[in-house]
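# sequence first, predicted coordinates after that:
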Amino acid sequence: MNPIRNPFEYEAANNLSSDKIATYFVDDYNYSRFINSTRNVVMVGDRGCGKTMALIYNSLQVQLHLLPDVVPDRIGVYIPCKSVLMQKKEQELFDDPQFACILSEHFLTMSVLFHLVNDLSRIPNILDGCDVVALKAEIAFSLGFALPFGAGLLDSLRQIINKESREVQMQLNEPSSEWKFPSTRSFGTSILPLFDILRKIPKLTNAHFMLLFDDVHDLNDEQLRTINSWIAYRDHSIFSIKVASARIGQLHFKTTSGGMILEGHDFVQIDLEQPFHNEESNFGKLAYRLVSRRLEEAGIAKSPEDFFPVNETFEKELAQCRITVRQRASTLYDSDKSIDDYVYRFARAEWFRQRASHANLPAYSGFQTLVYLSTGVIRNLLEPCYWMFDDALSQSSNSNEILQIDSSLQRERIIDRSKKMWERLENLDRIVEGCSREDAKKIYSLFDQLAILFRKRLEKHESEPRAISFTISAMNSADEEELLPLLDVARSAQLLYLRGGPAKERGRREKYYVPNRMLWPVRGLDPNGQHARVSIRAEYLRMAMIGKPIPFEVKLSGSTSQLEQKELFRDES
Amino acid sequence: MTKAKTLITVASWEDRFHLGIRKIVNDCSLSRVVMFYYKEFEERTANSRNEVETLFREKGVGYSAVPIAFGDAPGTWQSIYESIGSIVSSNAPVLMDLSTMPRETLWAALCQLERYRTPTSYIYHSPADYADWLSRDPGRPRLVYKLSGIATIGRQTCLVITTGYDPERTRQLMWYYEPRRILLGFQDGRQFQNDVKNVQRHRDSLKEEYREFEVEEFELDAYADDHGESVISKQIEKWQNSHNIVMTSLGPKLGAIALFRVHSQHPETSLAYAPSNEFNPDYSTGISQSHFGEIQW
């Protein structure tokens, strides 16, 4: 019997077949259509937010899979930067930093050349109607490639590119420190001339080459400068550059000449991590579409809500809480809008407040809860779904008939993953680069105190009980020095996300932090947060790092009215 | 007994460093010692360095103490390159004490000794026991200078790890390289409760990674005569024509010799080093068995 395929597979996109990428990728609600343009694009987002998938979807490989008989005008060439060639460091041994730059550009250039030629060879009969002998002669002359005899044009190019690349690597691997500097290639000497020549092929006459660089955060400084310099080219009729990087903090925009490229002027920036994730938000819609498509593909005729049902008792109790809270609101307010707002803020909190202090952890379940728990990251959404389906498979007597994931099974898996996340949090010094034991203890303590604060708010706060994001206020340079590196460590471990949104002062935007919501179930919190951010003074966060409670005020500070609050965050809903 | 005359070692605060040196000095006729020490642990190793330097002076053995740094990989490589250059000019055979030598230093030194085909033997002193945790605060993994292989563009990566006790370090390497395929080598046998601490702990802890990557396990014996070289060779031969192979050692130190030999036979493979920024001050205690070997160039 064939093993049942789990519809929520979340293998790294570069390990997925074109077929699967074409099927699974959802290009709505995430700006990824920007990629298929002639603009330069910088995409940022943490691991698992779909950067690689978006790049590969726009690559020639997948586009030819979608429309086999059409050579697209915009040819996407996928170039992985997480490769052994890019990781080589022998250039660091040169005294002259200029040599390191030249070698770094060389490795990048060879990589681009190879992937360009390799991807073009996927186009059926690409050389139809062109004078191959003349083309070969021009390539040999313009690029100085000694093309091997016998092989076809693209095959021989692939061979010579790898041969040259190997020769330079062998030279650099010589154990002596007195090397002869190898001859190298650059964008100007090799890639641009090759673009020009390739456009003489009838099928590529109008081609615009999109160079899709993935994981550029793994490149060294010189390589990043090199790509930025390529982005700085003014003429983008023939090529454009798209880069994907894990986090904006890991990027810089300096060029090899010491200049800068500018957002808006030289490139468009897309943030693939999205701030809010309820059913109305872009991420909510994307999540719905993505899970629907995967269920459909697996032959499961259910909506995401039906496949991941909410626990019935919880649903009934929550409905009762809504009625109770609405009745209370109607004694406080006249307008329907104010009453609705009150219900939105307090109905779920009411349910949590009514629970006995010694009650078991809540019955976390339902598709919307899974979306909230993902904290806006696709991989965080697919992971629990995958394991839940796997659990259901293990329990099922007839594995072909998994038509829903029982809510108790969902709860079990969510709580298990939540526990694991705290275990990870406890051991950051063993996981995250540059995190000492002392740092790890402080970060653990900070999250512990945040959980305590959020719990108190859920139980007692009179305005924003379900706020589970925070901003930092009154931060001086000493606070910055102590806090920010530790928050960065938490971000590296994907326990914390940094988002941007409107500030209370109209017209301003501010950065705020969202702890990974998967942390909260095991602490009995509601992962379905509300549109609000807790402002915490930097000094309190520093104290929290050594185990001191974060002061809690029952009432919302400041004079912002409830109505204004709602409006302030409207752009995020 | 080894006939080596020049000893290369790396200073440590562990018992087995100074106890091991004492043993070597008593058993071998040494004409010279090159003792590298890491600047990051300069204070922690001060007492044991003083102790062995006193011993060298008492025994009339010439020595040089050479500072190197985890944080300065190019400078460290240059220091090793120059030190080995001065050793080989004397034509003396070399004895390497691997006991407390980080793998990157070990590989950089072997790379130079291989270049000159210097007769090289090595000694490794096992400790009597290890602490519960050995290292923390992982640094960024890096390919070792000159041993970074010859990558073929367009191929996916196959990561070979000879595992140690800490699955978190294995996990870090897996996610850093995100290879298509991973070959996990587990030490055969039950020494230091290896079967419980290493194999099972990895399987339990890395369930997610076993699902994510194509993971294959194999067993090797780093304490065998070839330190597992033939087993590792066999493993990589399956994938070397289709993948770029990156190899690293987190397990028994002698396995690092095997990886170096495999790299020598297959220069297209890469050796990678996964540094740590914090080591347990009580990393190990005592000294037990000593393992000798010779390297045939």
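That came in fine, so what should we check first?
# now residue B:255. Nearest residue, chain neighbours left out?
Nearest non-adjacent residue to residue B:255, counting by C-beta to C-beta, 6 or more residues apart in numbering or on different chains: residue B:222, 3.9 Å away. Placement of C-beta: from N, CA and C, glycine included.
# contacts only, for that neighbour.
B:162, B:187, B:228, B:251, B:252, B:253, B:254, B:255, B:258 (C-beta atoms under 8 Å, 6 or more residues apart in numbering or on different chains).
# do residue B:123 as well
Neighbouring residues of residue B:123 by C-beta under 8 Å, 6+ apart: B:2, B:20, B:24, B:95, B:96, B:97, B:98, B:99, B:290, B:291, B:292.
# give me the neighbour count for residue 15.
You didn't pick a chain, so chain A it is. 17 (other C-beta atoms under 10 Å in any protein chain shown).
# not what I meant, chain B
That count, for residue B:15 with other C-beta under 10 Å as the rule, works out to 18.
# which residues are in contact with residue A:94?
Residue A:94 neighbours (C-beta under 8 Å, 6+ apart): A:100, A:103.
# rewinding a little: are any of the contacts of residue B:123 buried, and if so which?
Among these, those classed as buried by 16 or more other C-beta atoms under 10 Å in any protein chain shown are B:2, B:20, B:24, B:95, B:96, B:97, B:98, B:99, B:290, B:291.
# show me these that map onto strands.
Counting by DSSP state E, the buried ones among the contacts of residue B:123 place B:95, B:96, B:97, B:290, B:291 in strands.
# dump these to TSV, plus pLDDT.
Listed next are these as TSV, based on pLDDT from 0 to 100:
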residue	pLDDT
B:95	96
B:96	97
B:97	97
B:290	93
B:291	93
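# on that earlier part again, show me the two of the contacts of residue B:123 that sit farthest apart.
By the measure C-beta to C-beta, B:2 and B:99 form the most distant pair in the contacts of residue B:123, at 14.4 Å.
# where does the stretch 51-200 of chain B dip in pLDDT?
For the stretch 51-200 of chain B, the stretches flagged by pLDDT under 70 are B:190-196.
# same thing with chain A?
Ranges of chain A meeting pLDDT under 70: A:1-4, A:30, A:177, A:179, A:248-249, A:274-279, A:399, A:504-507, A:554-573.
# residue ranges of the strands in it, please?
Under DSSP E, chain A gives strands at A:41-44, A:74-80, A:208-214, A:239-245, A:268-271, A:470-473, A:496-502, A:509-515, A:534-537.
# got TSV for those, with distance to residue A:170 too?
Below are these laid out as TSV (distance: least, C-beta to C-beta, whole Å):
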stretch	distance to residue A:170
strand A:41-44	35
strand A:74-80	23
strand A:208-214	26
strand A:239-245	30
strand A:268-271	39
strand A:470-473	52
strand A:496-502	43
strand A:509-515	47
strand A:534-537	56
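# chain B: which of those is closest?
Closest of the strands of chain A to chain B is strand A:74-80, at 8.8 Å (criterion: C-beta to the nearest C-beta).
# the closest one to strand A:208-214, inter-axis angle?
20 degrees (axes from the mean of the first three to the mean of the last three C-alpha atoms, to 10 degrees).
# so what secondary structure elements neighbour strand A:74-80?
With contacts taken as 3 or more C-beta pairs under 8 Å, 6 or more residues apart in numbering or on different chains; DSSP states H and E, strand A:74-80 sits against helix A:51-57, helix A:60-66, helix A:97-120, strand A:208-214.
# in the third one, which residues are buried?
With burial defined by 16+ other C-beta under 10 Å, the residues of helix A:97-120 counted as buried are A:99-120.
# please apply the same query to the second one.
Residues A:60, A:61, A:62, A:63, A:64, A:65 are the ones in helix A:60-66 that count as buried (16+ other C-beta under 10 Å).
# now do the same contact list for the second one.
Put plainly, it is residue A:61. A:18, A:78, A:119, A:122.
# how near is it to chain B?
12 Å (C-beta to the nearest C-beta, to the nearest Å).
# one more: the fifth one?
As defined by C-beta to the nearest C-beta, residue A:64 lies at a distance of 17 Å from chain B.
# can you list the residues of the stretch 51-200 of chain B near chain A?
Selection of the stretch 51-200 of chain B residues close to chain A by C-beta under 8 Å from any C-beta of the partner chain yields B:73-74, B:77-78, B:81, B:111-112, B:114-115, B:136-140, B:142-143, B:145-154, B:157, B:166, B:168-169, B:171-172, B:177-178, B:180.
# among the residues you listed, which lie within strands?
Of these, the ones assigned to strands by DSSP E are B:136, B:137, B:138, B:142, B:143, B:157.
# residue A:264: which of the ones in strands among the buried ones among the contacts of residue B:123 is nearest?
Nearest to residue A:264 out of these is residue B:96 (C-beta to C-beta; 57.2 Å).
# partners of the closest one in the sheet?
Taking DSSP bridges as the rule, residue B:96 bridges to residue B:8, residue B:122.
# that one reaches residue B:118, doesn't it?
No - using C-beta atoms under 8 Å, residue B:96 makes no contact with residue B:118, being 10.5 Å away.
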